[in-house]
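Chemist: mind folding the following:
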Amino acid sequence: MLKATRIESKHIRNAARGEQCTLGIIGVCNGNPETTVLAHLPDESHGMSRKSDDISAVFACHACHDCIDGRAKWPHGDAGPRDWYMRRAQTRTLRRLIELGVVTIKGVKL
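Modeler: Numbering: from 1, shown residues only. All right, here's what the predicted structure looks like:
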């Protein structure tokens, strides 16, 4: 098993400011980048009173963040696509972080 090192980055958290929501949940997303924050997704690094690592997070508007965290209901009462939305958003967020230069990967050409 891998050592559980907490990955936190002010640069990643700050990068969410003013960005488009990468979740974009149909019927939920408010489309307002002024409400976008870094929303942490459930993974093996989170637990009681502990958020997931900052690399397991997405750019989420207030409305989509409430939806994935369970504070608001899914549209049409169907949370079935929840995992799909989170996976898509995590990929979109990682791509954006690379574009912004916040995350770098050796050999990546933009």
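Chemist: give me the buried positions along the longest helix belonging to the chain.
Modeler: Ordering each helix of the chain by length in residues (DSSP state H) puts helix 82-100 first. Across helix 82-100, burial judged by 16 or more other CB atoms under 10 Å covers Y85, M86, A89, Q90, R92, T93, L94, R96, L97. Placement of C-beta: from N, CA and C, glycine included.
Chemist: tell me which two of these sit farthest apart.
Modeler: Farthest-apart pair in the buried residues of helix 82-100 is Y85 and L97; separation 18.3 Å (CB to CB).
Chemist: circling back to that earlier point, ok, and what's touching the longest helix of the chain?
Modeler: Defining contact as CB atoms under 8 Å, 6 or more residues apart in numbering, one finds that helix 82-100 is touched by 12, 15, 19, 22-25, 41, 56-60, 68, 74, 103-105, 108, 110.
Chemist: kindly recompute the last result at 6 Å.
Modeler: Contact with helix 82-100 is made by A15, T22, L23, I25, L41, V58, F59, V103, as judged by CB atoms under 6 Å, 6 or more residues apart in numbering.
Chemist: pLDDT check: weakest of those residues?
Modeler: For those, the least confident position by pLDDT is L41, scoring 91.
Chemist: for the residue nearest in space to the middle of the chain, list each beta-bridge partner.
Modeler: Nearest to the mean C-alpha position of the chain, by CA atoms, centre = their mean, lies V58 at 1.2 Å. In this entry, V58 is beta-bridged to A39, by DSSP bridges.
Chemist: ok, now which ones touch it?
Modeler: V58 makes contact with T22, L23, A39, A89, Q90, T93 under the criterion CB under 6 Å, 6+ apart.
Chemist: circling back to that earlier point, and which of the buried residues of helix 82-100 is nearest P33?
Modeler: R96 (12.0 Å).
Chemist: what's the pLDDT at that closest one?
Modeler: Looking at R96, its pLDDT is 97.
Chemist: please apply the same query to V108.
Modeler: pLDDT, V108: 82.
Chemist: in space, what's closest to it - neighbours in sequence excluded?
Modeler: Leaving out its chain neighbours, the residue that sits closest to V108 by CB to CB, 6 or more residues apart in numbering is I98, at 6.3 Å.
Chemist: could you do D43 as well?
Modeler: S56 (4.4 Å).
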